[in-house]
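1. here is my input; please provide its structure:
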Amino acid sequence: MSSFFQIHAENPQHRLVLQVVEVLKQGGVVIYPTDSSYALGCLLGEKQAIDRIRQLRQLDDKHNFTLICRDLSELGLYAKVDTVAFRLLKAHTPGPYTFIMNGTREVPRMLMHAKRRTIGIRVLSNPIAQAILEELGEPMLSVSLILPGQTQAMNDPYEIRDALEKQVDLIIDGGFTGTEPSTVINLVDDQIEVIRVGCGDPAPFMS
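-> Predicted coordinates for the structure are as follows:
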């Protein structure tokens, strides 16, 4: 049975954040709030945790995880950022956007799109997620908490606990979130293209 933490949505309690980080460092799978919806998260090199998330979501090995970074400098370790992309990222992160970019050698091969060598990256504005990443000192891998057969992400922490408390290591109650996913923007090879419209305003990326 998983732990269930109520963490303050605007002023996360440091002692609870430390416990979340400990669970992640031990290879755990956590459910946490983002600035779009709730999501499943684990650490980068934890293959067993990644496999557990794939099984829970019923994802095949072609489904790419998103790399959740703490800020632009961390993002730059994992994605190739040109001048145009940097200006856009600086103006619109943190926020409810996922950016598809060319990955660097720091990204494990299993996380990249096999043919295009791209990676999806986010910088979140959610204070709980930011506090976890700050304490962690490294990115998280993440996918939206959309259960098999559902089209929207879960947003009620108590419903999440009822459904998943035996399948993950920790559930964070950070209050209700939205159910829409992030807006996905392609920034590969000097292209700027809105791939999916979600809760982030796509207008700044449309010519």
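2. next one: phi and psi at Ser37?
-> Backbone torsions of Ser37, given as degrees, to the nearest 10, read phi -150, psi -170.
3. count the neighbours of Met1 for me.
-> Met1: 9 surrounding residues under other Cβ atoms under 10 Å. No exception for glycine: its C-beta is placed from N, CA and C like everyone else's.
4. likewise for the one 4 residues further on?
-> For Phe5, the neighbour count with other Cβ under 10 Å is 21.
5. identify the bridge partners of it.
-> On the basis of DSSP bridges, Phe5 is bridged to Ile172.
6. my guess is it meets Val20, correct?
-> Yes: using Cβ atoms under 8 Å, Phe5 is in contact with Val20, at 7.0 Å.
7. return every residue with contacts to both of those two.
-> Common contacts of Phe5 and Val20, defined by Cβ atoms under 8 Å, 6 or more residues apart in numbering, comprise Leu170, Ile172.
8. pull out the buried residues from the helix-or-strand element of the chain with minimal mean pLDDT.
-> When the helices and strands of the chain are scored by mean pLDDT, DSSP states H and E, helix 72-78 comes last with a mean of 88. Neighbour-count burial for helix 72-78, counted by 16 or more other Cβ atoms under 10 Å, picks out Glu74, Leu75, Gly76, Tyr78.
9. heading C-terminal from it, find the next helix or strand.
-> Sequence order places helix 83-92 as the next helix or strand after helix 72-78, per DSSP states H and E.
10. any stretches of the chain with poor pLDDT?
-> 108-116, 207 (pLDDT under 70).
11. in contact with the residue nearest to the spatial centre of it, which residues?
-> The residue lying closest to the centre of the chain (Cα atoms, centre = their mean) is Ser142, at 3.8 Å. By Cβ under 8 Å, 6+ apart, the residues touching Ser142 are Thr34, Ala39, Leu40, Gly41, Phe65, Thr66, Leu67, Ile68, Arg122.
12. again, only using 6 Å
-> Contacts for Ser142 (Cβ atoms under 6 Å, 6 or more residues apart in numbering) come out as Ala39, Gly41, Thr66, Ile68.
13. what of Leu141?
-> Residues near Leu141 by Cβ under 6 Å, 6+ apart: Cys42, Leu44, Phe65.
14. quick one: the last one from Ser144, how far?
-> The one in question is Phe65. Distance, Phe65 to Ser144, using Cβ to Cβ, to the nearest Å: 11 Å.
15. ramachandran angles for Ile185?
-> Residue torsions, per degrees, to the nearest 10, at Ile185 are phi -120, psi 130.
16. my guess is it meets Pro96, correct?
-> No: Ile185 lies out of contact with Pro96 (Cβ atoms under 6 Å); the separation is 11.0 Å.
17. where along this structure do the strands fall?
-> Assigned strands in the chain, in chain order: 3-6, 30-33, 38-43, 66-69, 97-102, 118-123, 140-144, 170-173, 183-186, 193-196 (criterion: DSSP state E).
18. which one of these lies closest to Ala49?
-> Among the strands of the chain, strand 38-43 comes nearest to Ala49, with 3.6 Å by Cβ to Cβ.
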